[in-house]
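K.L.:
Based on what follows, work out the 3D shape:
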Amino acid sequence: TGRLRFTTRTEEALDVADVAFICVGTPSRADGSPDLSFVEHVGRAAARHSNESLLLVEKSTVPAATGDRLERIIALEQQSLPSPAKVQVASNPEFLREGSAVEDTLHPDRIVLGVPTEWAADELRAVYRTVIEETGCPVVETDRTTAELIKHASNAFLATRLSFINAVARVCDKVGADVETVAEGMGHDARIGHAFLRAGIGYGGSCFPKDVDAFAHLAAQVDEPFRILEEVRTVNHQQRQHVIDLLRDELWHLEGKRVAILGASFKPDTDDLREAPGMWIAERLLAEGVEVRLSDPVALPAAKEALPDVVVHDDPLAACGGAHAVVLTTEWPQHVRLDPAELVATLSWPVVIDGRNAWDPAAVSAAGARYHGIGRGRR
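P.N.:
From the prediction side, this is the model:
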């Protein structure tokens, strides 16, 4: 309909905008704090190039009080302008899952509006009017700082659930319990629910690691150390190391062995390698002198560029051919649907490590393999 335009010139976009969303990266620094220089860049541009009035909306994930800093930067930038535009800053955190962002945009769980004035609230309500009317999704209207904190708190809590069930899985392995059944029993409690209670080799991607770090850094800055989040990060790291330990236990010496890794991206339906457990495991195995064979439906070019020494295969069975062990790191449908007998038959040694608890342990064991899940014991 001609209503979508693209430009590489920030000032051109701002000149005609009533509402502008800041959707830039906020990568982690070495100390865990987010790099907000790209956010500042947009704020300074908005101060100078906006039309008569502009609602500048934080969509990027930023720590609490970033909006206050943006307002100060805009005021400083406009000091020398003869007739500066009226720019207000609002927060509208995004809750999109990578791989299903369009669906999540059109059918959101909730919309959070952190607004400083009624004018700002009216502008954002108008942006989302159709989505709200068609879906009836909840709308949370609050102040800007609270909205900023909702995003970090949400991701940190989801990461905490994942690390909690992974810690439970380690206990299950020690006492002979099945974490899948434990999680099912927990999830039927309405106060707990089933979401994010899938044990595995830990979370990755661009959001959870960065947001846990940023939230912990913010808490430390205000002298309220968030020690739970420290443990969340520790458990997540231990899950990846657990795979290396399982391989060493099964294969004895790793040097000279051949290991197939199924999954480079951190989750299905994306080619994102950021903080991907499969890539972390592959890198550590290469350092131990292992021949690493990697298969992924979409992420192999980027994976090969990041780790030139890995051998890549489009076909997961080809990656497993002659391997001393196979590790499932991403539950792509192409991996989950593999026939256990066919999979085990390709291996030189029948060692299967199911890092996502996606395969049937009984079927894999019946095919003649030594099966390791996460919190499911050795079969």
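
K.L.:
So, low pLDDT: which residues of the stretch 51-200 of the chain?
P.N.:
Of all residues in the stretch 51-200 of the chain, none has pLDDT under 70.

K.L.:
Could you pull out the strands in it for me?
P.N.:
In the stretch 51-200 of the chain, the strands defined using DSSP state E, counting those that start in this stretch lie at 53-58, 86-91, 111-114, 139-142.

K.L.:
What pairs with the last one, parallel or antiparallel?
P.N.:
When you say that, I think you mean strand 139-142. In the sheet, strand 139-142 lines up against strand 111-114 (parallel) (DSSP bridges).

K.L.:
returning to that earlier point: nearest to residue 42, of the strands of the stretch 51-200 of the chain?
P.N.:
Nearest to residue 42 among those is strand 53-58; the distance by C-beta to C-beta comes to 7.6 Å. (C-beta placed from N, C-alpha, C; glycine too.)

K.L.:
by contact count, what packs against the closest one?
P.N.:
strand 19-22, helix 37-49, helix 66-77, strand 86-91, helix 118-135 (3 or more C-beta pairs under 8 Å, 6 or more residues apart in numbering; DSSP states H and E).

K.L.:
Show me what the second one is in contact with.
P.N.:
Outside of helix 37-49, the residues that reach it under the criterion C-beta atoms under 8 Å, 6 or more residues apart in numbering are 10-11, 14-15, 20, 22, 24-26, 54, 56, 58, 60, 62, 66, 69-70, 73-75, 77-78, 81, 84-85, 87, 89.

K.L.:
7 Å instead?
P.N.:
Residues outside helix 37-49 that contact it (C-beta atoms under 7 Å, 6 or more residues apart in numbering) are 10-11, 14-15, 20, 22, 24-26, 54, 56, 60, 62, 66, 70, 73-74, 77-78, 81, 87.

K.L.:
now do the last one
P.N.:
Counting by C-beta under 7 Å, 6+ apart, helix 118-135 makes contact with 18-19, 55, 88, 90, 92, 106-108, 111, 113, 115, 139, 141, all of which sit outside it.

K.L.:
Would you list the buried entries among these?
P.N.:
By neighbour count, with 16 or more other C-beta atoms under 10 Å, these hold 55, 88, 90, 92, 108, 111, 113, 115, 139 as buried.

K.L.:
between those, which is nearest residue 352?
P.N.:
Within the buried ones among the contacts of helix 118-135, the smallest distance to residue 352 is 38.7 Å, found for residue 108 (C-beta to C-beta).

K.L.:
residue contacts, the closest one?
P.N.:
Residues in contact with residue 108, defined by C-beta under 7 Å, 6+ apart, are 95, 131, 137.

K.L.:
isn't the first one right next to residue 109, touching?
P.N.:
Yes: Residue 95 is in contact with residue 109 according to C-beta atoms under 7 Å; the separation is 6.4 Å.

K.L.:
So between those two, which is more surrounded?
P.N.:
Taking other C-beta atoms under 10 Å, residue 95 and residue 109 do not tie; residue 95 has more neighbours (16 against 10).

K.L.:
one step back: closest to residue 315 out of the strands of the stretch 51-200 of the chain?
P.N.:
Among these, strand 111-114 comes nearest to residue 315, with 42.9 Å by C-beta to C-beta.

K.L.:
Name the SS class of residue 294, please.
P.N.:
strand (DSSP: H, G, I helix; E, B strand; the rest coil).

K.L.:
So what's the residue count around it?
P.N.:
25.

K.L.:
Please name the nearest non-neighbouring residue to it.
P.N.:
residue 310 (4.7 Å; C-beta to C-beta, 6 or more residues apart in numbering).

K.L.:
The one you found: what's it in contact with?
P.N.:
282, 292, 294, 303, 304.

K.L.:
tally of neighbours for residue 324?
P.N.:
Other residues close to residue 324 by other C-beta under 10 Å number 20.

K.L.:
can you check residue 117 too?
P.N.:
Neighbour tally, residue 117, other C-beta under 10 Å: 11.

K.L.:
Same check on residue 313?
P.N.:
18.

K.L.:
Kindly report the same for residue 77.
P.N.:
18.

K.L.:
if I look at it, how far off is residue 43?
P.N.:
Distance, residue 77 to residue 43, by C-beta to C-beta, to the nearest Å: 8 Å.

K.L.:
May I see the buried residues of stretch 242-252?
P.N.:
242, 243, 244, 246, 247, 250, 251.

K.L.:
ok, the spatially most central residue of the chain - contacts?
P.N.:
Closest to where the C-alpha atoms of the chain average out (C-alpha atoms, centre = their mean) is residue 205, at 3.5 Å. Each residue near residue 205 by C-beta under 7 Å, 6+ apart is listed here: 98, 266, 267, 272, 274, 275.

K.L.:
What subset of these is buried?
P.N.:
98, 266, 267, 272, 274, 275.

K.L.:
Pick out whichever of those residues sits closest to residue 4.
P.N.:
residue 98 (21.9 Å).
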